[in-house]
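Enquirer: Sequence and predicted structure below; questions after.
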Amino acid sequence: MNEAAITLDGWYVLHDFRTMDWASWKAVPAEERKAATDEFIAYLDKLQKADDEKTGSHAFYTVVGQKADFMLMILRPTMDELQQLEAEFNKLAIADYTIPTYSYVSVVELSNYLAKESDEDPYQNPYVRGRLYPELPRSQYVCFYPMDKKREGEDNWYMLDMEQRRDLMKSHGMIGRGYAGKVKQIISGSVGFDDYEWGVTLFSDDVLQFKKLVYEMRFDEVSARYGVFGSFFVGTILQGDERVSFFNVQ
Ligand code: VOV
């Protein structure tokens, strides 16, 4: 049997995409709308408390285009907490005016392709911990898409030996390094959890950097030969009062 990469697994991740039923929302009396918005903001503030205490993280973004109106990305130490937070959201008054459009379940993942040999417990390494339990940045833009590595005929990632995969990942990492300080990536594994093998979440203050990075990677063998991609979602951050004004309809 071929050698599987060893993964380090961090916080569990839920990407929850919702479309607003604006017509029904507009029909709600202003006072009720305000109460529902306030209740939702209180829910977001509760999520933020976990960010502050470093027991989880979240990101709240609009989605541009018709695939959804907003995305709530939540990271927690257990899948159970994600389930509870999802159920809690569904019971909020505002949820009655949202239509679930897409979701993605995964766990933040680091592979050992480029890891240095060491006797230390990687889960105690501060750098590794920062990657596995990330504080999501408050960047202006987010980009999310799920992806697979191909298993077709000669183009089967899972039939390559460890050395070949390591070499290919080295080249992938080199391209990524060119975007240091411009794009932050969170790679989360979803084999056994969702329809693709990874979720890719990118954060940047310059939306064009997503296109440049993804395009450049398309020419790299890991993506050119083996990458299979799902739908792409791109959006802008909602924070502070923007969270309220997004739901204002008059
Ligand atoms: C923003 C830059 C960036 C950087 C620096 C970077 C670096 C790295 C390194 C060093 C490693 C390996 C170790 C680890 O960390 O696991 C990875 C791993 C991975 N990547 Fe990556 N990646 C980036 C960015 C980046 C993008 C934009 C994509 C999407 C690909 C595309 O074509 O659209 C991606 C995908 C992945 C995946 C799916 C994995 C897991 C592969 C597996 O088989 O296990 N990645 N990645």
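Expert: Nice, I can see it. Numbering: from 1, shown residues only.
Enquirer: Show residues contacting the host helix or strand of Q48.
Expert: Assessed by DSSP states H and E, Q48 sits inside helix 30-53. Taking contacts as C-beta atoms under 8 Å, 6 or more residues apart in numbering, the residues outside helix 30-53 that touch it are 25, 28, 56-58, 60, 74, 76, 85, 88-89, 92-94, 97, 135-136, 243-244, 247, 249-250. Every residue, glycine included, has its C-beta placed from N, CA and C.
Enquirer: for the residue of the chain found nearest the ligand, what are its contacts?
Expert: In the chain, no residue comes nearer to the ligand than G176, which is 2.1 Å away by C-beta to the nearest ligand atom. The contact partners of G176, taken as C-beta under 8 Å, 6+ apart, are Q185, L213, M217.
Enquirer: Can I get stretch 202-210 in CSV? Just the C-alpha atoms.
Expert: What follows is stretch 202-210, C-alpha atoms only, in CSV (Å, rounded to 0.1, in the frame of the first residue of the first chain):
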residue,chain,number,x,y,z
LEU,A,202,-8.3,32.6,1.5
PHE,A,203,-8.2,36.0,3.2
SER,A,204,-6.8,39.2,1.7
ASP,A,205,-7.2,42.9,1.8
ASP,A,206,-6.8,43.0,-2.0
VAL,A,207,-9.4,40.9,-3.8
LEU,A,208,-7.4,40.7,-7.0
GLN,A,209,-4.7,38.6,-5.2
PHE,A,210,-7.1,35.7,-5.0
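Enquirer: Any chance you could list what contacts that stretch?
Expert: With contacts defined as C-beta under 8 Å, 6+ apart, stretch 202-210 is touched by 59, 136-137, 139-144, 179, 182-186, 213, 234.
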